[in-house]
Every structure is written in C-alpha cells, then in structure tokens.
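> My questions concern the predicted model and sequence given below.
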Amino acid sequence: MSEQSDQDILLRIRGLRIEGMSGDSWQEIVHGVDLDLRKGEVLGLIGESGAGKSTIGLAAMGYARDGCRITGGEILFDGMDLAAAKDSEKRHLWGSRISYVAQSAAAAFNPAHRLIDQFTEAPVQHGLSDKATSEAEARELFARLQLPDPDGIGQRYPHQVSGGQLQRAMTAMAMSCKPDLIIFDEPTTALDVTTQIEVLAAIRDAVEAFGTAAIYITHDLAVVAQMADRIMVLRHGNLVEEGETRSMLADPKETYTQNLLAVRSFKSAEMANPVGEEPLLRVDNVTAAYGKIPVLHGVSVDIHKKRTVAVVGESGSGKSTLARVITGLLPAASGAVSYNGEILPPNYRQRSKDQLRRMQMIYQMPDTALNPRQRIRDIIGRPVAFYLGLSGKQLEDRVRELLSLIELEPDDYIDRLSTELSGGQKQRICIARALAAEPQLIICDEVTSALDQLVAEEILKLLQRLQDELDLSYMFITHDLATVRAIADEVVVMLQGEVVEHGSKTEMFKPPHHDYTDLLLSSVPEMDPDWLDDLLAERAELAKQGRVLKAADH
Amino acid sequence: MSQILKMVAQRFALGFLTLFIVSLIIFLGIELLPGDIAEEILGQSATPETVAAFRKELGLDVPAHIRYFDWLWGMLQGDMGRSLANKREISELIGLRFGNTLFLAVTAAAISVPLALTLGVLAALYRHSFYDRAVNVVTLSSISFPEFFVAYILIFLVSVTFPIFPSIANISDATPFWDKVYKVLLPALTLTLVVVAHMMRMTRAAIINLLASPYIEMANLKGLSRARVIVKHALPNALAPIINVVVINLAYLIVGVVVVEVVFVYPGLGQLMVDSVSKRDLPVVQASAMIFAGTYVLLNLLADILSILTNPRLLHPR
C-alpha cells in the first residue's frame, strides 16, 4: 500500500487482536493483523477453519460474536475507530454503510417475515428511504441479481425460496442501503457447485456495478481467485501472505500458500474394471421412495473388488438415498441389491450378521457420528466385539492395531474422548470403526466435505492406502469433483434420482457429455482468475446454439 | 390452509377422546370415595333399611355402569342432572358459579399476561442487568410462597394496614360491573403474583434462546435498535413456547383457584366443588370436574392452534 493512495483508504486495521473464550479462560485467536482496503476494492480473506477469517471479517464491522472480544488495535472505517466506538455509533453504520452477507442465507433470514420486509427494514429504519421507494429498489436489485420473478419473489417467506436464490436475495438485502463496504462470509460454501456459479457471477456483477468495496471470506482459493483483487492468506490468526490475486496465484511465496494451491493435485492411479469378473456389489434397477415421494428411479450400479466408484450429483439427487438402500436402512420398493452374486434382503433387519459386517459406512459429519461420551477404545472396540466376538486382551490388541492402521498413535488416543480430537482425527476414528468389522466394501458419504482441504486430502490418501493394503472397495458419495478426480476409478452421475451417465474416470472427464455432467464438471472452480469470465462467456455462446447449461435452482 | 384445518380437526377429535377418558376417571374415582350422600344426610344412627330406601329414592341402587352411561348420555345432551342435596338443576347451580370463576380468571389474566410479557421482553433486552435480576428475584419469591400466604399478606397490606381494597370478594349477580372489578381486584392480584413468574421467565428464556440465531446476528448487523431486534425479530419466533405457557397458566387461573376463592370467600366454581365433595353431592362434583377438564382441553387446543398460526412454514406452505 503506497502512501499517496491514503485518500482512497476506506478501511484500515492496525494490530487487531481478538480473544475467544475457550473453556473458562480467554485465549488470543487473532494476533495483531493489519489490513487495508481501498474504496471499491475486493479483498479476499482465505484460510482454513480456525484461521480467524470470519472473526476478522466481523471485527471489520467492529462486531465480535458472543464468546469473542476485540482486545487491541484500531479499526478505522472512514476515519472512525470502530474498536473504540459506542454500540449506538456502530449500529448507525451497520446496514447503512457496512453490511454483512452470512454463510447460510436460510439461517440468516428471519423465518417469520417476508423477504421484501427484511429488505426494506434497514433503509427505512436508518431513515434513508421510505418503504415504497425501497420496495421499488428491491425489485430492481432482485432483477439485477437474476432472481426469477423479481416483482413477486419479495412476497415470499424464506422457506419458500431455494438456497441459491436466498443467497442472492441476501446479497440484495446487503445492498439495500448502497453501502460502502460489504463483508461476504463464505456466501457460497453451503451451495452446490452448479448453483455457486450463478451466485458468484451475481455478487461480482453487483459489487462492480455499485463500486462497493468488499471483504470476501472463503476457504476456497479457487473461488476467491474469481472474486478478489487482492488476497490475504491467514493461518491460526496470523497473516501468512498478502498480494495481488494474479501474482500470488502465479508465484506464492510461503510454503503454506503453496500447499493450499497444490491441494487438488493428489490423484490415484485409475484401475479399469476386471473383465468377466462378477462385481462385488450389484445394484440392479432399484426404485425407492420416502413415503409417497419417489426418490430413486431404476438405479443400477456395479462395484467391483478393490475399486472406487464415485457417485456424484447435487443435493437432492438421491445419492445418499442410494447408500441407504444398499445398506438396507431404506428398503427398496423394487429392484435388487446383490452382494457376491447373492441377493440381499431389502431390509437390514432381515440380513445376517455376516452380510451386515461386510458392508460398512462412514458419514459426512464425524462430530455427530461419534458418541461424545464414549472413549475411542469403546467406539472402535464395539464393532470388533459385536462382529468378531473378540474380548479382553485380544480386543484391546485389535483396537490398537486399528489405530495404528489409521496413523494415530494407540497409546495417545485409545483412552481419549472423541470431543478432544480435531475434525480430521475424528474422521480417522470413523474410518477405524468401519474397518473394525473387517468389511470388503465401505460406503463413504461425503466423508471429506466437512473438512478443511489440506486435512481432506490426508484422509483421501489414507483411504487410498487402506484400499491398496486391505483390498477394499469404496462407494464414494460426493458432490465435489476434485475428490472424484483424486480417488475414483469409476464415476456415476446422478440427477433427480436417476443415473444420467456412468463410466471410467478418464471417460467421464473427457467430452462429450450429457448436459448435466457438463454443467457439473464445468462448474468446479479453477485457480485461474479468468475462469469465471471464460466460463460465462462459453455458456453464453452455447446458449446461442440452443444448449443451456444452467442449474435448475428449484 | 386445508392442512391446518385437518390438524385442527385432529386436535378436536383427540380433545374429545381425552374428555371421554376423563369422564371415566372422574366417575370411577368418585365411586371409590367411601360413603355416599344417603349415609351423609341420614347420619350414623340410621338403620340399614332407611338408608337403602333413601338410596333407592335417589337412584343410587342402580348398577354403576348404567348410572355412568345415563350420566354420560345426559352430559352429551347438555343435561347435567339435579343436585342430590337440594334437587336444584346443576346447570343452573354451576352456571352462576362458573361465570364468577371466569370473571376472576379474566381479570387476573388481563393483568398478568401483558405484565408478564412486558417484564419478560425487558428482562431479555437488559439481560444480566440489575433490572433483570430484580425482576427474577421478585417474581420467583412470589411464586415460592403458598397462594394463601400471598393472599393474607396482601390482605394485611392493602385491606388492613391501608384499607384500599375489601378483604372479602362477596359478589352476586346484582353487583354492578365496576363494583365487581373492584371487589375481585385483590384475589386477581394474588393470582397474578402466583402466575406471572412462570410466564415471564418463559418469555425471557424463549427470547434469549433465539439470540444466538444467525438471523438475530443479521438483524443486529443491519444496525437495528436492540429493542427492535428483540420485539420484531426474536419475539415472533419465540411465540409458540410462550403461548403454551400462557395457556397453561390461564387454565390454572380457572381450575386452580380453589384456595384463593376460599380465602376471599369468593362464590366460584372451585368452592362449590369443595362443598359438594364434603356433602357427597356426586352429580355436582362430576359436573364441575367435567367443566374443569373441558376448560383445560379447550385451552390447550387453543394453544395448539395459535402455535400453528405463528409458524409461517405451516401458514404459508411452499
């Protein structure tokens, strides 16, 4: 930041320190961070969970969540120190000159009020506009952000609007007072990749059109590359590296940044399906429904021994339901699931212990999949005792062996509670619990989605190693195509309860494709800062030829 | 909308079933009471023959299940039968008393509900402040004392030491409206002190429970005033639990006021019921109990419906 551009500085943070309540003592979580933001500039804050990026983003408004407090430094917004300002002074700025876009729009909109009323609230309460004028502006902004039915959508309640639309409506709400600065806190993290594109494009367009400055917080470097002029990389509450987007992506200085950039480079060697061999698991023309609502329509999938089949699709495509049908949690209405050539009873209650043992599951949220009151010894020991009948010394030896297998030191971990572990470690425990049954097939339901990228990659490497050593087969349910690229041998693409395309990984990443596969593949953000522009241009071109690649966003 | 109607119909059916079960329990419970009105009126010196004759006259010699269905059939047609003690129509007897009980309950509710909600919202707004603690201490203390104790303290303060209100709430049909209000004010205040803590604390807790929600953070970050955040953003979403507690307390104001009625010699339904139990005037007891049960069921039905109406997801389906 050069001295002559001081005039343009909208936000200047110096030596920001923030403490968080952990247990019953205050611990510093942000250790003296400096930040400058010029008028109209978009700054990306990037880092993994615990880096302090959201905390810093909120502190830029002079706001600290319950259990956090700003303990040092200056936050100068247009000359006024928000770290020292009174609550009433800050409330005067909030909403009118600085506004906030939260991660989950579904949670951040008040369920009791219509969208339009929530939009007009800030301008009317700040005395900047009257209700009618503000409503007219809302319709304009809704249209600008490409919401369907901009004149009518405001009359709806939040639960009546889809996630991607709500996120755009929240961006519109943040702009209702034409603020100087908007804090975007992971605004697309909760969305499907296909929906993410449109939200990213809408946000960028609106920010450019009004010349609004923005702080864009995300853990996804590829996303921030599309949005930000400048990037700050944070780790454990410290600044790691700062620079213009293009130069940082081209030439990262710090090892940590290099790791973040290289995160999607892990790739296992693809193995073709053995010819003429009976598949380990065969799902044959399966149909299933929740009550009267059909979810799966004639789905067929084969999984061979020692292979990884990735099932991809966006939320609601039926991929997790497929896992429930295979495991017998949701009995299929028609069709058959056979294992080693033998047809399994549709309901897990009718399956034998051995049939159950051979198929295990790992879930998305290790936090909720592990009993917080149990020690690791019991969590892993239970399936060992249940399926294999071991007890006493043999049981403990097996638990220790399993812990070594997932690369956790048995002596350090065997007597801990799961709550004392990090997210990645918890997921390793879940893997060990699945392995305890000595299965042949493991169904992994979005196992890396809740993890930071670097940790996720470690888990993928572990799963790959276990497959090689133990001859496991995986069914890998994911919405993340980077994961697919890393670990899959075969890919199955699902849309609205049907398989729209399937084939080997190499085939699947090579055109031509079903429209939906194309949409899914092309929607995965890339590190190239021009990626979004190029993609939108390409899609506009295709649309002229009559091929519309756009998320349904129902 | 049809979804809501269906739900209401369902609740109605369930309420009806509850009332039926209650009627059975009431009847059986009363059958189990030792002694009957014949023994009570004739005294211990009566010969078994005279008691038997008197029972026959009152219709008590008929087997219990027949008497139950007779009674139930009558109730369904709105005929509560006649009092055994004085042969008067029970509906006439109870109607007046129930009107009085309702009058007291409504007066108490008109004071306590707005008071509790206001105190609760303010306590949530200024939580952990001196005000919050003071309100909590005062309301909790008043709920901790037995009702009759609160009643006597009030009588001591505002009828004996400072004679502002009468200590006896003896009203009749002929009492003019404002005179009635004036006379029931002291029992109503007693009841207020008893019920306000519960409602106020639930209001406070329900609102505070929501303050960690992302949409409350969002409302704050829109720069709205703290009062607006609480009243406009937290309160509408906290209504369902608050409504339930308010209704439970309203029901208590109607069916749980016996002690207060006795202290203030108030001619309400509770007192009538107590008198009738000691006289073994069973039809009156049964009828009063059914009215109390019906009130409970109806008020809870109301709470369910109101809770549904405050939920936009049910009111405005996708």
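Done, it's in. Numbering: from 1, shown residues only, chains lettered A, B, ... in the order given.
> Flag every residue of chain B that's near chain A.
When proximity is defined as Cβ under 8 Å from any Cβ of the partner chain, chain B approaches chain A at B:212-215, B:217-225, B:228, B:233, B:236-237, B:310, B:312-313, B:316, B:318. Yep, even glycine has a C-beta here, placed from its N, CA and C like the rest.
> Drop the exposed ones from these and show what's left.
The neighbour-count test (16 or more other Cβ atoms under 10 Å in any protein chain shown) marks B:213-215, B:217-224, B:233, B:236-237, B:310, B:312 as buried among the residues of chain B next to chain A.
> For chain B, what is the nearest residue in the stretch 301-450 of chain A?
Scanning the stretch 301-450 of chain A for the residue nearest chain B gives A:Gly316, at 13.9 Å (criterion: Cβ to the nearest Cβ).
> Quick check: the gap between that residue and A:Gly163.
Distance of A:Gly316 to A:Gly163, given as Cβ to Cβ, to the nearest Å: 10 Å.
> on that earlier part again, farthest-separated two in the buried ones among the residues of chain B next to chain A?
Farthest apart among those by Cβ to Cβ are B:Gly223 and B:Thr310. That separation is 26.5 Å.
> And the top helix by length along chain B, what's buried?
In chain B, with assignment by DSSP state H, the single longest helix is helix B:90-125. For helix B:90-125, burial by neighbour count (16+ other Cβ under 10 Å) applies to B:90, B:93-94, B:96-98, B:100-101, B:103-105, B:107-109, B:111-113, B:115-117, B:119-125.
> Same check on stretch B:55-68?
For stretch B:55-68, by 16+ other Cβ under 10 Å, it's B:Arg55, B:Leu58, B:Leu60, B:Arg67, B:Tyr68.
> cool, and stretch B:44-54?
Across stretch B:44-54, burial judged by 16+ other Cβ under 10 Å covers B:Val51, B:Phe54.
> tell me the contacts of the residue nearest to B:Val263 when sequence neighbours are not counted?
The spatial neighbour of B:Val263 that comes closest, neighbours along the chain excluded (Cβ to Cβ, 6 or more residues apart in numbering or on different chains), is B:Ala151 at 4.4 Å. For B:Ala151, the contact set (Cβ atoms under 8 Å, 6 or more residues apart in numbering or on different chains) comprises B:Leu186, B:Pro187, B:Thr190, B:Val259, B:Val260, B:Val263, B:Phe264.
> other SSEs contacting whichever strand or helix holds A:Phe142?
Assigned by DSSP states H and E, A:Phe142 falls within helix A:131-144. The helices and strands touching helix A:131-144, judged by 3 or more Cβ pairs under 8 Å, 6 or more residues apart in numbering or on different chains; DSSP states H and E, are helix A:115-125, helix A:163-174, helix A:193-210.
> That helix: which residues count as buried?
Across helix A:131-144, burial judged by 16+ other Cβ under 10 Å covers A:Ser134, A:Glu135, A:Glu137, A:Ala138, A:Arg139, A:Leu141, A:Phe142, A:Arg144.
> how about the residues you listed in JSON lines, adding distance to A:Asp415 and pLDDT?
Shown next, in JSON lines, are the buried residues of helix A:131-144 (distance: Cβ to Cβ, whole Å; pLDDT from 0 to 100):
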{"residue": "A:Ser134", "distance to A:Asp415": "60", "pLDDT": "95"}
{"residue": "A:Glu135", "distance to A:Asp415": "61", "pLDDT": "95"}
{"residue": "A:Glu137", "distance to A:Asp415": "60", "pLDDT": "94"}
{"residue": "A:Ala138", "distance to A:Asp415": "57", "pLDDT": "95"}
{"residue": "A:Arg139", "distance to A:Asp415": "61", "pLDDT": "95"}
{"residue": "A:Leu141", "distance to A:Asp415": "56", "pLDDT": "92"}
{"residue": "A:Phe142", "distance to A:Asp415": "56", "pLDDT": "93"}
{"residue": "A:Arg144", "distance to A:Asp415": "58", "pLDDT": "86"}
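> In a markdown table, list those residues along with distance to A:Ala434.
Shown next, in a markdown table, are the buried residues of helix A:131-144 (distance: Cβ to Cβ, whole Å):
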| residue | distance to A:Ala434 |
| --- | --- |
| A:Ser134 | 54 |
| A:Glu135 | 54 |
| A:Glu137 | 53 |
| A:Ala138 | 50 |
| A:Arg139 | 52 |
| A:Leu141 | 48 |
| A:Phe142 | 46 |
| A:Arg144 | 48 |
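> In the stretch 401-550 of chain A, which residue sits nearest chain B?
A:Gln496 (17.3 Å).
> How many neighbouring residues does that residue have?
Applying other Cβ atoms under 10 Å in any protein chain shown, we find 17 other residues in the vicinity of A:Gln496.
> just checking, it touches A:Gly318?
Yes. A:Gln496 lies in contact with A:Gly318 (Cβ atoms under 8 Å); the separation is 7.2 Å.
> which regions of chain A sit below the pLDDT cut-off?
Per-residue confidence for chain A (pLDDT under 70) gives these ranges: A:1-6, A:264-265, A:551-554.
> what about the residue lying closest to B:Ser225 once chain neighbours are set aside, how many neighbours?
Closest residue in space to B:Ser225, ignoring its immediate chain neighbours: A:Arg91 at 6.9 Å, by Cβ to Cβ, 6+ apart. Each residue near A:Arg91 was counted by other Cβ under 10 Å, and the total is 22.
> Looks to me like A:Arg91 is in a strand.
No. Checked against DSSP: H, G, I helix; E, B strand; the rest coil, A:Arg91 lies outside a strand; its state is helix.
> wait, what's in contact with it?
A:Arg91 neighbours (Cβ under 8 Å, 6+ apart): B:Asn220, B:Gly223, B:Leu224, B:Ser225.
> and the lowest-mean-pLDDT helix or strand in chain B, what does it pack onto?
Taking mean pLDDT, DSSP states H and E as the measure, helix B:37-42 is the helix or strand of chain B with the lowest mean score, a mean of 74. Secondary-structure packing of helix B:37-42 (3+ Cβ pairs under 8 Å, 6+ apart): helix B:48-58.
> Quick one: mean pLDDT for the very next helix or strand once past the helix it packs on?
Per DSSP H and E, the first helix or strand lying C-terminal to helix B:48-58 is helix B:64-76. Helix B:64-76 carries an average pLDDT of 85.
> chain center to helix B:64-76: distance?
26 Å (Cα atoms, centre = their mean, to the nearest Å).
> Let me see the residues that make contact with it.
Here helix B:64-76 makes contact (Cβ under 8 Å, 6+ apart) with B:23-24, B:27, B:31, B:59-60, B:62, B:80-81, B:283, B:286-287, B:290.
> Nearest to chain A among those?
Ranked by distance to chain A (Cβ to the nearest Cβ), those are led by B:Leu24 at 35.6 Å.
> The closest one: which element?
Short version, using DSSP H and E: B:Leu24 is in helix B:2-32.
> Go through that helix and flag the buried ones.
Buried residues in helix B:2-32, counted by 16+ other Cβ under 10 Å: B:Arg11, B:Gly15, B:Thr18, B:Leu19, B:Val22, B:Ser23, B:Ile26, B:Phe27, B:Ile30.
> Quick check: the fourth one vs A:Ala434, distance?
Just to be clear, that refers to B:Leu19. Going from B:Leu19 to A:Ala434 by Cβ to Cβ gives 53 Å.
> give me phi/psi at the residue nearest to B:Leu96 when sequence neighbours are not counted?
Excluding its sequence neighbours, the residue lying closest to B:Leu96 (Cβ to Cβ, 6+ apart) is B:Asp173, at 6.8 Å. Backbone torsions of B:Asp173, given as degrees, to the nearest 10, read phi -60, psi -30.
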